[in-house]
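Chemist: Test case, fold it:
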Amino acid sequence: MNSLEDSIGMLVTEQNNSDTFNIDICDTNELVEMINHEDQKVSFAVRKQKRQIAESIDLAASRLREGGRMFYIGAGTSGRLGIVDASECKATYGVPGEMVQAIIPGGRDTIWDASDGDEDDFNEGFRQIEVYGITFKDIVIGITASGRTPFVLGALAGARKTGAATVGICNNPHTPIHEIAQITIAVITGPEVIQGSTRMKAGTAQKMVLNMISTGAMVRIGKTYHNLMVDLLANNEKLRDRAGRIVAQATGAGEEEARSVLRACGYHVKTAIVCILKACKKEEAEIYLDECGGFISQIVK
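Modeler: Alright, predicted model coming up:
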């Protein structure tokens with residue numbers, strides 16, 4: 001074995017899983033049981049990193065609150081999961097599209113067809129920090145199951161040079177990403193059902209962590225009222241219907257009143273809620289929200 005093969009063999013995510021060794025000869029019910037049994041381990045592995053996740057949420061929220069941006073950077077499954085999470089933030093929380101972004105080696109063309117070798121380019125990852133104009137105001141979150149993908153490490157190294165906050169998410173202990181990122185969330189999910197197929201448990205863990213970081217950060221910058229998504233973009237019939245239900249639920253108003261006020265507020269959920277709870281006009285509600293940084297709970301406490 002050469003040194004590269006040796007290092008691959010040492011990765012937990014690349015080891016063989018003895019519990020699924022016979023997956024190709026068992027019946028389908030047993031196959032499903034094997035996969036389900038392995039998936040049950042993921043949430044427990046994530047739980048062990050809850051302190052690091054909480055620290056990452058506070059770090060992200062501090063940058064977003066001051067006008068910074070959050071970037072997910074990853075390759076393969078990790079990169080695609082970053083794209084999924086980033087793309088949902090605008091619709092769910094009404095943030096500008098540039099606030100949460102995702103970068104993958106090879107660009108958007110590789111979403112469907114993985115790039116050939118781009119993830120091995122440390123310098124290209126480093127260069128992307130300049131391409132996206134990342135500065136000390138921003139936060140960069142590198143995602144790599146192995147914890148050593150050169151493109152991701154290069155991006156984190158470039159981000160550190162600018163003074164940007166950095167977080168690493170990986171699925172192996174004691175990896176190079178630990179040495180570069182300010183905070184490393186290492187969710188040790190163990191060997192995969194199919195050896196090396198890190199789109200499975202490792203990918204599931206990464207998605208859970210990204211859900212926590214983006215959701216937690218949005219809560220911390222005032223994008224929810226209690227557990228309601230009060231900054232959603234109501235730009236289609238389904239979302240306008242959801243917005244009406246949210247206004248009614250948040251205020252105790254009847255559905256007809258909630259929808260009427262919501263329409264008068266241009267389908268801005270927060271404004272409609274404040275209008276009803278403070279018995280005020282749209283312009284007054286907007287002032288209240290501006291003065292409290294968008295935190296409804298501070299207006300109606």
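Chemist: Any chance you could list what contacts the helix or strand harbouring residue 257?
Modeler: Here residue 257 sits within helix 255-264, counting by DSSP states H and E. Helix 255-264 is contacted from outside by 234, 240, 243-245, 247-248, 251, 253, 268-269, 272, 275-276, 282, using CB atoms under 8 Å, 6 or more residues apart in numbering. For the C-beta atoms, the positions are set from N, CA and C on the backbone; glycine is no exception.
Chemist: List only buried entries from the residues you listed.
Modeler: 234, 243-244, 247-248, 251, 253, 268-269, 272, 275-276, 282 (16 or more other CB atoms under 10 Å).
Chemist: tell me the centre residue of the protein?
Modeler: residue 210 (3.0 Å; CA atoms, centre = their mean).
Chemist: so that one, which of the three states?
Modeler: Three-state call for residue 210 (DSSP: H, G, I helix; E, B strand; the rest coil): helix.
Chemist: ok now do it, which residues does it touch?
Modeler: Counting by CB under 8 Å, 6+ apart, residue 210 touches 72, 81-82, 85, 141, 143, 169.
Chemist: now do 10 Å
Modeler: 72, 74, 78, 81-82, 84-86, 88, 141, 143, 169, 185 (CB atoms under 10 Å, 6 or more residues apart in numbering).
Chemist: Out of those residues, which is nearest to residue 230?
Modeler: Ranked by distance to residue 230 (CB to CB), the contacts of residue 210 are led by residue 88 at 16.1 Å.
Chemist: confidence score at the closest one?
Modeler: Reading off the confidence values, residue 88 has pLDDT 94.
Chemist: Just give me the neighbour total for it.
Modeler: 15 (other CB atoms under 10 Å).
Chemist: what comes up buried for stretch 90-107?
Modeler: For stretch 90-107, the neighbour count (16+ other CB under 10 Å) marks 90-95, 99-106 as buried.
Chemist: Can you show me the CA trace of the helix holding residue 257 as PDB?
Modeler: Listed next in PDB are the C-alpha coordinates belonging to helix 255-264 (Å, rounded to 0.1, in the frame of the first residue of the first chain):
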ATOM      1  CA  GLU A 255     -59.000  33.100   9.400                       C
ATOM      2  CA  GLU A 256     -60.900  35.800   7.400                       C
ATOM      3  CA  GLU A 257     -59.400  38.700   9.400                       C
ATOM      4  CA  ALA A 258     -55.900  37.200   9.200                       C
ATOM      5  CA  ARG A 259     -56.000  36.900   5.400                       C
ATOM      6  CA  SER A 260     -57.500  40.400   5.000                       C
ATOM      7  CA  VAL A 261     -54.800  42.000   7.100                       C
ATOM      8  CA  LEU A 262     -52.100  39.900   5.400                       C
ATOM      9  CA  ARG A 263     -53.300  41.100   2.000                       C
ATOM     10  CA  ALA A 264     -53.200  44.700   3.200                       C
END
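Chemist: hmm, back to that, any idea which of the buried ones among the contacts of helix 255-264 is the one closest to residue 56?
Modeler: The shortest approach to residue 56 among the buried ones among the contacts of helix 255-264 belongs to residue 269, at 27.4 Å (CB to CB).
Chemist: how close does that closest one sit to residue 103?
Modeler: 31 Å (CB to CB, to the nearest Å).
Chemist: can you check residue 299 too?
Modeler: For residue 299, the distance to residue 103 (CB to CB) stands at 37 Å.
Chemist: What is the nearest of the contacts of residue 210 to residue 177?
Modeler: The closest of the contacts of residue 210 to residue 177 turns out to be residue 169 (CB to CB; 8.2 Å).
Chemist: what helix or strand does the closest one sit in?
Modeler: According to DSSP H and E, residue 169 maps onto strand 165-170.
Chemist: Buried residues in the helix or strand that comes right after that strand, which are they?
Modeler: Moving toward the C-terminus from strand 165-170, the next helix or strand (DSSP H and E) is helix 176-180. Neighbour counts over helix 176-180 (16+ other CB under 10 Å) mark 176-178, 180 as buried.
Chemist: From the contact counts, what lies against helix 176-180?
Modeler: Contacts defined by 3 or more CB pairs under 10 Å, 6 or more residues apart in numbering; DSSP states H and E place helix 176-180 against strand 139-143, helix 150-162, strand 165-170, strand 183-186.
Chemist: Could you name the stretch from those that's closest to residue 63?
Modeler: Smallest distance to residue 63 across the helices and strands packed on helix 176-180 (CB to CB): 4.5 Å, for strand 139-143.
Chemist: how big is the angle separating the closest one from strand 165-170?
Modeler: 10 degrees (axes from the mean of the first three to the mean of the last three CA atoms, to 10 degrees).
Chemist: Fine by me, we can end here.
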